[in-house]
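*Asks:* Return a 3D structure for these sequence lines:
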Amino acid sequence: MTRTYGAHLDEADKPYFLGWLDNNLTPPNRVSDANLDKTRRCFGQRIRDICQRTNQSSRWTADPSKARAFVAPLDR
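*Replies:* Here you go, the predicted model:
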């Protein structure tokens, strides 16, 4: 389970990793800069770059029972 800390992060009230959202399925949605920053801080530059290139957002929840273990996003 991945948990973030810090009010400076995007959606700081949602510290538990939930999964990935493919924004290409709902055009014209794009991954936000704030989401990319939180993704980089939590998972590193390589994962952030994959998310930017593939237009995927990391998803987060406030409910620890919904938290998921980290699995890298698809790099297609």
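
*Asks:* count of neighbours near Leu21?
*Replies:* Applying other Cβ atoms under 10 Å, we find 18 residues neighbouring Leu21. Yep, even glycine has a C-beta here, placed from its N, CA and C like the rest.

*Asks:* ditto for the one 5 residues further on
*Replies:* The criterion is other Cβ under 10 Å. On that basis, Thr26 has 8 neighbouring residues.

*Asks:* This protein: strands as residue ranges?
*Replies:* 16-22, 56-61 (DSSP state E).

*Asks:* Highest mean neighbour count out of the ones you listed?
*Replies:* strand 56-61 (a mean of 22; mean count of other Cβ atoms under 10 Å).

*Asks:* of the strands of the chain, which approaches Ser32 most closely?
*Replies:* strand 56-61 (7.2 Å; Cβ to Cβ).

*Asks:* List the contacts of the closest one.
*Replies:* 4, 11, 14-23, 31-32, 35, 38-39, 42-43, 50-51, 67, 73-74 (Cβ atoms under 8 Å, 6 or more residues apart in numbering).

*Asks:* Can you name the residues bridging to the spatially most central residue of the chain?
*Replies:* Centroid-nearest residue in the chain, with Cα atoms, centre = their mean: Ser58, separated by 1.6 Å. Here Ser58 sits in beta bridges with Trp20, going by DSSP bridges.

*Asks:* what stretches of this structure score poorly on pLDDT?
*Replies:* Across the chain, the ranges flagged by pLDDT under 70 are 1-10.

*Asks:* Please enumerate the helices of it.
*Replies:* 33-43, 45-54 (DSSP state H).

*Asks:* Can you tell me which of these is most buried?
*Replies:* Ranked by mean neighbour count, the helices of the chain are led by helix 33-43 with a mean of 18 (mean count of other Cβ under 10 Å).

*Asks:* That one to strand 16-22, inter-axis angle?
*Replies:* 130 degrees (axes from the mean of the first three to the mean of the last three Cα atoms, to 10 degrees).

*Asks:* tell me how far helix 33-43 is from the chain's mean position?
*Replies:* 7 Å (Cα atoms, centre = their mean, to the nearest Å).
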